[in-house]
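Asks: Got a predicted structure plus its sequence, pasted below:
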Amino acid sequence: MKLNSYLTFNGQCEEAFKFYEQCLGGKITDMMTHRESPDASMTEQLPPEWLDKILHVGMMVGDQELMGSDCPPEYYEEPKGFSVSINLNDPDKAESIFNRLAKNGTVQMPFQQTFWAYRFGMLVDRFGIPWMINCDKAA
């Protein structure tokens with residue numbers, strides 16, 4: 001069994017995943033717009049400007065997959081009640097990822113030492129996605 005995060009966006013999925021690809025050193029493996037769907041019934045009720053929004057995207061970061069899509073406007077809800085959690089052992093890399101994700105976002109807890117981690121921080125990125133970056137205690 002594998003658990004994967006699936007993020008939904010209000011029209012910014014492509015921009016967000018290209019940003020995450022840079023921030024996390026990932027690789028987008030597949031991206032399909034609504035227009036590219038082989039099932040025409042999926043696009044019949046979408047407004048024309050929504051056809052080029054993302055139906056599905058997958059990105060590999062190491063051996064983990066992050067997925068997402070643009071949710072039709074009438075179904076979109078702002079993210080709440082979760083965070084995408086990243087755990088690393090390299091403090092410099094962890095801080096770099098934190099700072100890149102935080103750019104034009106909101107830092108909820110600065111990247112700092114805690115009783116459970118060498119460094120930890122929380123933020124909401126510019127796309128509204130909440131993140132927790134945890135760096136295990138130095139050996």
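Replies: Right, received. Where do you want to start?
Asks: list the contacts for L88?
Replies: Taking C-beta atoms under 8 Å, 6 or more residues apart in numbering, we find L88 in contact with 94, 97, 133-136. Where you see a C-beta, it was placed from the backbone N, CA and C, and this is true even at glycine.
Asks: And M122, by the same measure?
Replies: 83, 107-109, 130-133.
Asks: mind redoing it with 10 Å?
Replies: 83, 85, 98, 102, 106-111, 130-134 (C-beta atoms under 10 Å, 6 or more residues apart in numbering).
Asks: Which residues does Q64 form beta bridges with?
Replies: With DSSP bridges applied, Q64 shows beta-bridge pairing to V61.
Asks: Whichever of the contacts of M122 end up buried, select them in ChimeraX.
Replies: In ChimeraX syntax, the buried subset of the contacts of M122 is picked out as below (16 or more other C-beta atoms under 10 Å):
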select :83,98,102,111,130,131,132,133,134
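Asks: Tell me where the chain has strands.
Replies: Under the criterion DSSP state E, the chain carries strands at the ranges 5-9, 27-33, 54-61, 64-70, 84-88, 106-112, 119-124, 130-135.
Asks: Dump the ones you listed into CSV; add distance to E21 and mean pLDDT as well.
Replies: Listed next are those as CSV, based on distance: least, C-beta to C-beta, whole Å; pLDDT from 0 to 100:
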stretch, distance to E21, mean pLDDT
strand 5-9, 13, 96
strand 27-33, 6, 97
strand 54-61, 6, 97
strand 64-70, 10, 97
strand 84-88, 14, 96
strand 106-112, 21, 98
strand 119-124, 18, 98
strand 130-135, 15, 98
